[in-house]
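Chemist: Here's my sequence, what's the structure:
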Amino acid sequence: MSDEICYLTLTELSHQIKNRKITCQSVTETILGRIDHLNPLINCYNNVFHEYAIEKAKQLDSEIRNSQWRGKLHGIPIAIKDIFDFHNHHASAGSLLQRAKSNQVATVVAKLESAGAVILGTLNMDELAAGGTGDNVHLGRCNNPWKLEHITGGSSGGSAAAVASGLAFASIGSDAGGSIRIPAAFCGITGLKPTYGLVSRYGAMARTWSMDCIGPLTRCVEDAHSVMVAIQGLDPFDATSVDCNLIASADNNHCMVGVVNLDPIYQLNERDENFLLARNLLEKSGLLIQDVTLPDLDLYTRMQQVIVKSEGAAMHRKALLNNESAMSFAVRSVISGGLEIDAVDYIKALSIRSSVLNHLTEKIMSNIDILMLPVSIPTAPEFKPPETMQSAEIDSDFSTMATMTRFANYLGLPAISIPTGISVNGLPTALQLVGKPYEESKLLAIAAQYEALRGPFINPVLGT
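Modeler: Numbers count the residues shown, from 1 in each chain. Below you'll find the model as predicted:
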């Protein structure tokens, strides 16, 4: 079977499987072969479940022969970030730090399997989800499929690279400050961070329990919607989960899109012309466009950092204080600052979230349905080895990339990254849409409308 099938969308593949034009087993074997061939180049997988995936695919083929169809994910090969416990796999979060053994299966993975997905393996990531480059000192660097010397972004770098390079039809990542959206943007795919609580975090190793969100990375918006339908909803094992389902959205042409003015934080230049083109496309399509500002963006970002650093330091306090060699210098640089944050500041950051969110939605977004802004810096930068950098520089670089994403995590808002094109340096560019809580359907509808206007997106030429 040709490798071309590995670049089908999940939706296209699902149609072929349902109509018996292709078998679950043949697709799974093809993509496993592609992983064996290309993963040494990309380094996006750290565990591949060959035998398990093939046996699962055979079972799903048998179900189809017996007219048992589980839905759109039936037989679809999907990979997961290595933060999820899965049958006999003990998630490591890309770390050598010891953690208690667990026999649990993460709820999101259990839901994927129930929907018929074939779990291919676990994906490389920044150590302890505390990084933004896709580099892991223990597992090696995950390389950007578009240009190998450039970063994937993080911490869900492997999740983005696997989908972008045709090594999974979808993947699952986590996002505490941009860790789904930034890798998706840098690797030229779609990445959705849902509203906080819409997807259960049970069985997933935490980066920050107050802001972590689990979400899909896919080739198109429709695929992201399909995965979300499978993984969303209330979970008795996760007290923060909510009973909410995606519903059809209203007429998009009556939606107001607020384009966020971020100058001088983010100066549009010739490399960002795809963002301006995207705005023009949406406006010409009939959507209402309005320029807006986020005067409290710096406050949102500071409060997000107080929470994520405090909770990260609390989770890994013993390793930080004991200066454990199992924790890399880069990760220590990112999370150690949390040890110096006063408990009063942490409690304040948590306690004002509701009032800050209400102010945003009722004042700034009173007549705006969706915010539109860039995801990060225009394109993926070249990789810089952390051993050549100072601790403050590592933290600063990470913060610069996440300037426009962290506020959505602090406020629990849904946000999606969508490719806009290719820059003059041959790397993908992207835009970000941010919605109000639990309005994923409206967010996805606008994203799909833009995607249709943009047209097909090319795939990377691997190894160039």
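Chemist: Can you pull out the low-pLDDT segments for the stretch 301-450 of the chain?
Modeler: 387-395 (pLDDT under 70).
Chemist: so which strand or helix has the residue nearest to M327 when sequence neighbours are not counted?
Modeler: Leaving out its chain neighbours, the residue that sits closest to M327 by Cβ to Cβ, 6 or more residues apart in numbering is A319, at 5.0 Å. Heads up, the C-betas are built off the backbone N, CA and C, glycines and all. Using DSSP states H and E, A319 falls within helix 317-321.
Chemist: now what about that helix, what contacts it?
Modeler: 97, 313, 324, 326-327, 332, 335-336, 339 (Cβ atoms under 8 Å, 6 or more residues apart in numbering).
Chemist: who's in contact with the residue nearest to the spatial centre of the chain?
Modeler: Nearest to the mean C-alpha position of the chain, by Cα atoms, centre = their mean, lies I180 at 2.0 Å. By Cβ under 8 Å, 6+ apart, the residues touching I180 are 156, 159, 173-174, 191-193, 213, 215, 217, 417.
Chemist: can you check L97 too?
Modeler: Here L97 is in contact with 128, 316, 319, 324, 326-327 (Cβ under 8 Å, 6+ apart).
Chemist: ok, it to M404 distance?
Modeler: Going from L97 to M404 by Cβ to Cβ, to the nearest Å gives 31 Å.
Chemist: how about the helices in the stretch 251-400 of the chain?
Modeler: Taking DSSP state H, counting those that start in this stretch as the test, the helices found in the stretch 251-400 of the chain are 273-284, 297-315, 317-321, 329-335, 343-351, 353-359, 391-401.
Chemist: residues of the fifth one that come out buried?
Modeler: Within helix 343-351, the residues scored as buried using 16 or more other Cβ atoms under 10 Å are 346, 349.
Chemist: Likewise for the second one?
Modeler: Judged by neighbour count using 16+ other Cβ under 10 Å, the buried positions of helix 297-315 are 297, 300-301, 303-315.
Chemist: next one: it to chain centre, how far?
Modeler: 19 Å (Cα atoms, centre = their mean, to the nearest Å).
Chemist: From the contact counts, what lies against it?
Modeler: For helix 297-315, the packing partners by 3 or more Cβ pairs under 8 Å, 6 or more residues apart in numbering; DSSP states H and E come out as helix 329-335, helix 343-351, helix 353-359, helix 406-411.
Chemist: 6 Å instead?
Modeler: Other helices and strands packing on helix 297-315, by 3 or more Cβ pairs under 6 Å, 6 or more residues apart in numbering; DSSP states H and E, are helix 343-351, helix 406-411.
Chemist: Starting from the next helix or strand after the shortest one, tell me which strands it pairs with and how they run.
Modeler: Proceeding N to C from helix 406-411, the next assigned helix or strand is strand 415-422, under DSSP H and E. In the sheet, strand 415-422 lines up against strand 190-193 (antiparallel), strand 428-435 (antiparallel) (DSSP bridges).
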